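Chemist: got a predicted model here, sequence first, then my questions.
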Amino acid sequence: MNDLAPLLTPEGRALLDAVRGTAPADELAVATRLRREHPAELVSAALGQARLRQRAAAKFGPDAERMFFTPHGVEQSTRASVATHRAERLKGLGVASVADLCCGIGGDAIALARAGIRVLAVDRDPLTVAAARANAEALGLDGLIEVREADVTDVDTDGWDAVFVDPARRGGRGRIFDPEAYSPPLSWAVGAALKAPHAALKIAPGIPHDAVPAEAEAEWISDGGDVKEAVLWFGTAPGAVRATLLPGPRTLLGTGLPDPGVRPLGRFLYEPDGAVIRAHLVAEVAREVEGGLIDATIAYVTADEHRPTPYATAYEITDQLHFNVKKLKALLRERGVGILTVKKRGSAVEPEELRKKVKPQGPNSATVFLTRMAGAPTMLIGHPA
């Protein structure tokens, strides 16, 4: 996997077609058969690429079967739906050209090009650059994407309508949480952003709000309920905060509301989307459903009425118990609950641990929330509204 060139030859491409969809259990037999006619290293590379394509399908859909990946590239690349949202937003700002710095295997460059935007895609790793170039060609976008091997800090971005930076947030010891330990550091990326008419910086969703530059708009993005990333936008609305939910997109803008108050448990419990929580916009959801918090430290909203909102999932609560596994087990047995969903917020108990202890059995379903109310460990039982 140190060189993609052999896989780009007619023999390599034929091998990739031959191993497409190979199940892990069948790899040895397939490799043994193909090595009779092809070099062993090339067969191994093709099977490795096939595994990466299978992993990448969750992010890239059918395109993954035509693309080329590195292990790091699969892990770090942007999900296609998120990249498309960002590209459409840049297009809406009138952006016609983007310098994509730290482009990786080209996921964002592909989305930008498909939006009709001309892209300069830059990365310093030769294998990553080879993958990005191969992907632009494989998807017929090489006319809009120029891939360049270079250190992004040496690239002149003058003349480009926008800059997009996706710093490396993993090191030899795993995830990097300090923005100044990104590669390149967040401070450098912000400096590059301020030189361009528009810019977007992809960052970890756990970034502290006080680390967001005053010149930036902050957007937290979730896809299918899972928080994927945060983006700092420049040239838009400095100081603005938004949560965007995909598919959609649906966007909740911050209005500067104070934290909602704590109130007694109502008939309904609302679980805000993760992007809403990360963006500190739970107050906006509480106002929308005319509710309040169940506890000052817990991001669950309660209300007396069911008011559907795309920014939170509503549950009708049927029971409230102090934390007691025996009582919960008895209640679930009485209700014939065999399909049990366990959610937690503010509890040290692991859902699987609880599930093993209560041993749910029966035809009915229920959702249990392990949480706190007035500081006390609490169990709430209900079902989706």
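Modeler: All right, it came through fine. Keep in mind that this is a model prediction, so the values were computed, not measured. Numbering: from 1, shown residues only.
Chemist: can you give me the strands in the stretch 51-200 of the chain?
Modeler: 97-101, 118-123, 145-149, 162-165, 170-171, 174-175, 198-203 (DSSP state E, counting those that start in this stretch).
Chemist: and Ser183, how many neighbours?
Modeler: Using other CB atoms under 10 Å, Ser183 has 14 other residues around it. Quick note: C-beta positions are derived from backbone N, CA and C, even for glycine.
Chemist: test my guess that Leu246 contacts Gly225.
Modeler: No - using CB atoms under 8 Å, Leu246 makes no contact with Gly225, being 9.6 Å away.
Chemist: quick revisit: save the strands of the stretch 51-200 of the chain as JSON lines, and put in distance to Pro260, mean neighbour count and mean pLDDT too.
Modeler: What follows is the strands of the stretch 51-200 of the chain, written out as JSON lines (distance: least, CB to CB, whole Å; neighbours: other CB atoms under 10 Å; pLDDT from 0 to 100):
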{"stretch": "strand 97-101", "distance to Pro260": "39", "mean neighbour count": "26", "mean pLDDT": "97"}
{"stretch": "strand 118-123", "distance to Pro260": "43", "mean neighbour count": "24", "mean pLDDT": "97"}
{"stretch": "strand 145-149", "distance to Pro260": "46", "mean neighbour count": "19", "mean pLDDT": "97"}
{"stretch": "strand 162-165", "distance to Pro260": "35", "mean neighbour count": "27", "mean pLDDT": "96"}
{"stretch": "strand 170-171", "distance to Pro260": "36", "mean neighbour count": "12", "mean pLDDT": "64"}
{"stretch": "strand 174-175", "distance to Pro260": "31", "mean neighbour count": "8", "mean pLDDT": "70"}
{"stretch": "strand 198-203", "distance to Pro260": "27", "mean neighbour count": "25", "mean pLDDT": "95"}
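Chemist: tell me which helix or strand of the chain sits lowest on mean pLDDT?
Modeler: Counting by mean pLDDT, DSSP states H and E, the chain has its least confident helix or strand at strand 170-171, which shows a mean of 64.
Chemist: quick one on the thing from earlier: nearest to Pro62, of the strands of the stretch 51-200 of the chain?
Modeler: When the strands of the stretch 51-200 of the chain are compared by CB to CB, strand 145-149 sits nearest Pro62, at 19.4 Å.
Chemist: other residues contacting that closest one?
Modeler: With CB atoms under 8 Å, 6 or more residues apart in numbering as the contact definition, strand 145-149 has outside contacts at 103, 106, 109-110, 113, 119-126, 129, 132-133, 136, 155.
Chemist: mind running it again at 6 Å?
Modeler: 109, 113, 119-122, 129, 132-133, 136 (CB atoms under 6 Å, 6 or more residues apart in numbering).
Chemist: and for stretch 84-95?
Modeler: 111-112, 115, 161-162, 198, 249.
Chemist: also stretch 322-335?
Modeler: 321, 357-358, 360, 364, 377, 379.
Chemist: format the contacts of strand 145-149 as TSV; extra columns: distance to Arg53.
Modeler: Putting the contacts of strand 145-149 into TSV (distance: CB to CB, whole Å) gives the following:
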residue	distance to Arg53
Ala109	18
Ala113	20
Val119	23
Leu120	26
Ala121	20
Val122	24
Val129	19
Ala132	16
Arg133	17
Ala136	17
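Chemist: count the residues that sit near the residue lying closest to Leu293 once chain neighbours are set aside.
Modeler: Nearest non-adjacent residue to Leu293, counting by CB to CB, 6 or more residues apart in numbering: Val262, 4.9 Å away. Each residue near Val262 was counted by other CB under 10 Å, and the total is 15.
Chemist: circling back: in helices, which of the contacts of stretch 322-335 fall?
Modeler: Taking DSSP state H as the definition of helices, the contacts of stretch 322-335 contribute 357-358.
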